[in-house]
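J.: please find the sequence and the predicted model below.
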2 protein chains.
Amino acid sequence: MSDENTQILLTVGILGGTGKEGAGLAMRWALNGYRVIIGSRSEEKATTRATEMNEELGGDYITGMGNEDCAKESNLVVLSVPYGAHKPTLESVKEHCAGKVLVDLTVPLQPPEIMSVNLPEGNAAALEAQDILGDEVTVVAAFQNVSSVKLKKLDQPVDCDVLVCGDNADAKQEVIQLVKAAGMRGIDAGALKNAVAVEALTPVLLYINKAYKVKGAGIRITGVED
Amino acid sequence: MSDENTQILLTVGILGGTGKEGAGLAMRWALNGYRVIIGSRSEEKATTRATEMNEELGGDYITGMGNEDCAKESNLVVLSVPYGAHKPTLESVKEHCAGKVLVDLTVPLQPPEIMSVNLPEGNAAALEAQDILGDEVTVVAAFQNVSSVKLKKLDQPVDCDVLVCGDNADAKQEVIQLVKAAGMRGIDAGALKNAVAVEALTPVLLYINKAYKVKGAGIRITGVED
């Protein structure tokens, strides 16, 4: 594989890719040269949703599979599920993630109290993911603050920076490229444990959405040039 | 007291006001019509520093006192101390804070590891403050993400929003006015427990400062009109 073809040949698998957040990223990445597989617990749901997305995109960009096959067939795995499905999904795909980067988008919201910070047992979903998957998988946390409302407007850049946390510098750079391919700016935000701050910021943004009657409040890091 | 004179007569006391963050806010508030007292464990240090600040401001704006007198003589108390001094300072002024709003600026950094999130026992310094002070004091958390480097440039607005967390809506609005008086935009960020996210963001910003070789990275909330 030559360097210049790396991006084109990279297959990104999105577990829970039939949801709003995952679907928005899937279509943005597909339009930017990545092979994309969307996964679901139901293979049928995934293939149906992939067909709909391909119709919207006007081409045969995205494939649907069950979550396990999605993880198996991908070079890089993205996890985009509600927090309640976080642990079981990770356990079901663990063996297929060995040697790969897993990008965790999960926000550990505890409905119905979704506008205030309620830390999960491990303080961050991403830290829990690393604990579940073990050392053979490199977990990177990203995209938790990005509004799905803005992601689905494919022709518009998203007015939100993406804080990228992880303990492996190369994996973080790879994810920062993925962020750029989805139309946003990725910022190296330090160690995986810093995902505690980034995940906790999402209920704050949901509160701001309600308090200011807006949709999709986001964040920008100031003082850092593009 | 007529409404229009409320701001002019409000005395803000800044515990730890001799430090960089507190001093920057003290001068900004003094220039915007607030009476300001800076407090320190050492009364002599506070009076000396107040004299220096008044010379810089060109007027007799700021008074220095020991922390206890500072809290006693103020209508609103601001806490700006290193985390190590958080609990003892609060305990020393508790009786003088009854019936008042206390604005907690504290970031629970754990040196030397100041660029990654290490949650304190109570998850947020502001929650610990409320616990120490009891129900007679209204704690509001704010200003944790603001760089002292930028605060001290008194003639320049600070390119950072201030997330204001608290369980009392009136107190939050009062603090949002203080934020404006210091040249920034205050955003109502929900319940006091949301300070977990805001405090945890500061070590992330310190990491970004180092990783991107900048000083004073800050945050903006996008999607909310001024």
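T.: Okay, I see it. Residues are numbered from 1 along each chain as shown, chains lettered A, B, ... in the order given.
J.: which residues does the spatially closest residue to A:Val214 that is not a sequence neighbour contact?
T.: Spatial nearest neighbour of A:Val214, excluding adjacent residues (CB to CB, 6 or more residues apart in numbering or on different chains): B:Gly223 at 5.2 Å. Bear in mind the C-beta positions are built from the backbone N, C-alpha and C, glycine included. Contacts for B:Gly223 (CB atoms under 8 Å, 6 or more residues apart in numbering or on different chains) come out as A:147, A:159, A:214-218.
J.: so how far is A:Gly218 from B:Gly223?
T.: Per CB to CB, to the nearest Å, B:Gly223 is found 6 Å from A:Gly218.
J.: shared neighbours of these two, anything?
T.: A:147, A:159.
J.: where does chain A have low pLDDT?
T.: A:1-8 (pLDDT under 70).
J.: give me that answer again for 80
T.: Scanning chain A for pLDDT under 80 picks out A:1-9, A:226.
J.: biggest helix in it by residues?
T.: In chain A, assigned by DSSP state H, the helix with the most residues is helix A:195-211.
J.: and after that helix, which helix or strand comes next?
T.: strand A:218-222 (DSSP states H and E).
J.: direction included, what does that following strand pair up with?
T.: strand B:218-222 (antiparallel) (DSSP bridges).
J.: tell me the SS of A:Tyr21?
T.: Not quite, residue A:21 is Glu, not Tyr. helix (DSSP: H, G, I helix; E, B strand; the rest coil).
J.: residue contacts, the nearest residue to it once chain neighbours are set aside?
T.: Nearest residue to A:Glu21, sequence neighbours excluded (CB to CB, 6+ apart): A:Ser148, at 4.5 Å. Shown here is A:Ser148, whose contacts under the criterion CB under 8 Å, 6+ apart are A:19-21, A:24.
J.: do you know how far A:Ser148 is from A:Ile14?
T.: Distance from A:Ser148 to A:Ile14, by CB to CB: 13 Å.
J.: which stretches of chain A form helices?
T.: So, for chain A - with DSSP H - the helices run A:6-9, A:20-31, A:43-57, A:67-72, A:86-97, A:125-133, A:148-151, A:169-181, A:195-211.
J.: now the second one against helix A:43-57, angle please.
T.: Just to be clear, that refers to helix A:20-31. Orientation note: helix A:20-31 sits at an angle of 50 degrees relative to helix A:43-57 (axes from the mean of the first three to the mean of the last three CA atoms, to 10 degrees).
J.: ok, back up a step: if I look at the residue nearest to A:Val214, how far off is A:Cys160?
T.: 8 Å.
J.: give me the common contacts of the two.
T.: A:147, A:216, A:218.
J.: quick one: contacts for the closest residue to the last one other than its chain neighbours?
T.: Distance criterion CB to CB, 6+ apart; nearest residue to A:Gly218, sequence neighbours excluded, is A:Cys160 at 3.0 Å. With contact taken as CB under 8 Å, 6+ apart, A:Cys160 is in contact with A:145-147, A:150, A:184, A:216, A:218-220, B:222.
J.: cutoff 7 Å now
T.: A:Cys160 is in contact with A:145-147, A:150, A:184, A:218-219, B:222, counting by CB atoms under 7 Å, 6 or more residues apart in numbering or on different chains.
J.: ramachandran angles for it?
T.: phi -160, psi 130 (degrees, to the nearest 10).
J.: gap between the most centrally placed residue in chain A and A:Leu163?
T.: By CA atoms, centre = their mean, chain A has its centre lying nearest to A:Leu105, at 4.0 Å. Taking CB to CB as the measure, A:Leu105 falls 12 Å from A:Leu163.
J.: can you check A:Lys213 too?
T.: 26 Å.
J.: which of the two has more neighbours?
T.: Counted by other CB atoms under 10 Å in any protein chain shown, A:Lys213 and A:Leu163 do not tie: A:Leu163 has more neighbours, with 28 against 7.
J.: is it true that that one touches A:Glu199?
T.: No: A:Leu163 lies out of contact with A:Glu199 (CB atoms under 7 Å); the separation is 9.9 Å.
J.: doesn't A:Val175 make contact with A:Thr142?
T.: I think there's a mix-up here, since residue A:142 is Ala and not Thr. Yes: using CB under 7 Å, A:Ala142 is in contact with A:Val175, at 5.3 Å.
J.: what residues are shared contacts of the two?
T.: A:103, A:164.
J.: quick one, what contacts A:Cys70?
T.: A:Cys70 neighbours (CB under 7 Å, 6+ apart): A:13, A:15, A:37-39.
J.: run the last query once more with 6 Å
T.: Going by CB atoms under 6 Å, 6 or more residues apart in numbering or on different chains, A:Cys70 touches A:13, A:37, A:39.
J.: can you tell me the closest non-neighbouring residue to it?
T.: A:Gly39 (2.9 Å).
J.: do you know how far that neighbour is from chain B?
T.: 30 Å (CB to the nearest CB, to the nearest Å).
J.: my guess is A:Val12 contacts A:Tyr34, does it?
T.: Yes: look at A:Val12 against A:Tyr34 with CB atoms under 6 Å: they come within range, at 5.1 Å.
J.: now the residue nearest to A:Asn194 when sequence neighbours are not counted: how far from A:Pro157?
T.: Among residues not flanking A:Asn194 along the chain, A:Cys165 sits closest, at 4.5 Å (CB to CB, 6+ apart). Distance from A:Cys165 to A:Pro157, counting by CB to CB: 22 Å.
J.: who has more neighbours, the two?
T.: A:Cys165 (32 against 11).
J.: the more buried one and A:Val196 touch, don't they?
T.: No: contact criterion CB under 6 Å: A:Cys165 and A:Val196 do not qualify, at 8.8 Å.
J.: overlap in contacts of these two?
T.: Counting by CB under 6 Å, 6+ apart, A:Cys165 and A:Val196 have no contacts in common.
J.: tell me the residues of chain A that contact chain B?
T.: Contacts of chain A with chain B, taken as CB under 6 Å from any CB of the partner chain, map to A:115-117, A:159-160, A:188-191, A:193-194, A:196-197, A:200-201, A:204, A:207, A:211-212, A:214, A:216-224.
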